[in-house]
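Undergrad: predicted structure and sequence below. I'll ask about it afterward.
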Amino acid sequence: MSWNSKTWSWVKKYFSINSLSTDGMPVVGKFRTPAVASRPEKYVYPKSKASNISNNYYFQRDTRRNYPRLAVYTQKEVAGLLEGASVKPSLTPELASEVVTTIEAKPLVDVLNSRQLYSVNKLPPISNFGLRPKWKISEDFVPPNDADYIYAFKRLETEKFT
């Protein structure tokens with residue numbers, strides 16, 4: 001039973017802290033104004049591209065799941081990218097129609113073995129954020145003097161890149 005009923009109105013008036021507060025139930029005899037669906041205006045659909053439902057899929061609008069697209073490369077494509085584009089001689093229109101050029105596709109293993117990808121002067125790529133290490137051979141490290149032991153490593157230290 002609601003506090004707004006006539007039975008409980010005297011209890012609410014004497015015992016409540018705020019007698020004007022309501023419990024959300026409408027008072028008996030009162031109705032909602034304006035009544036539902038009595039407004040004279042008609043709903044106007046927004047004229048925007050986002051409101052058009054055709055070709056406006058949710059997965060295209062959802063930026064939370066905007067993952068990078070998967071790309072697949074064959075070994076022939078990777079070998080071509082590593083080898084670089086060869087220079088094509090410019091031909092006159094008469095010779096261009098007669099000469100058929102074919103691109104020689106090398107296997108990836110042959111391309112990788114034909115040249116050295118990285119050297120002392122041509123280092124592999126590193127990330128652009130954070131401290132870049134500058135490598136130097138440490139002076140305080142003494143290699144072991146054991147003749148039977150082959151020591152092929154050097155101890156390297158990093159210093160801050162300036």
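TA: Cool, got the structure. Residues are numbered from 1 along each chain as shown.

Undergrad: where do the strands sit along the chain?
TA: With DSSP state E, the ranges of strands along the chain come out as 134-137, 156-159.

Undergrad: all helices of the chain, in order?
TA: 6-15, 58-61, 75-83, 93-98, 108-114 (DSSP state H).

Undergrad: rank the strands of the chain by pLDDT, which is bottom?
TA: The weakest mean pLDDT among the strands of the chain belongs to strand 156-159, with a mean of 58.

Undergrad: output the below-cut-off pLDDT ranges for this protein.
TA: Across the chain, the ranges flagged by pLDDT under 70 are 1-5, 19, 22-30, 32, 85-91, 93, 95-103, 127-133, 138, 141-162.

Undergrad: 80 - rerun?
TA: 1-39, 45-54, 56, 59-63, 65-69, 82-105, 112, 115-120, 123-162 (pLDDT under 80).

Undergrad: picking that back up, single out the most deeply packed of the helices of the chain.
TA: Among the helices of the chain, helix 75-83 has the highest mean neighbour count (mean count of other C-beta atoms under 10 Å), at a mean of 14. In this view, the C-beta of every residue, glycine as well, is placed from N, C-alpha and C.

Undergrad: give the contact list for Pro107.
TA: By C-beta atoms under 8 Å, 6 or more residues apart in numbering, Pro107 lies in contact with 75-76, 79.

Undergrad: swap the cut-off to 10 Å and go again
TA: 75-76, 79, 113 (C-beta atoms under 10 Å, 6 or more residues apart in numbering).
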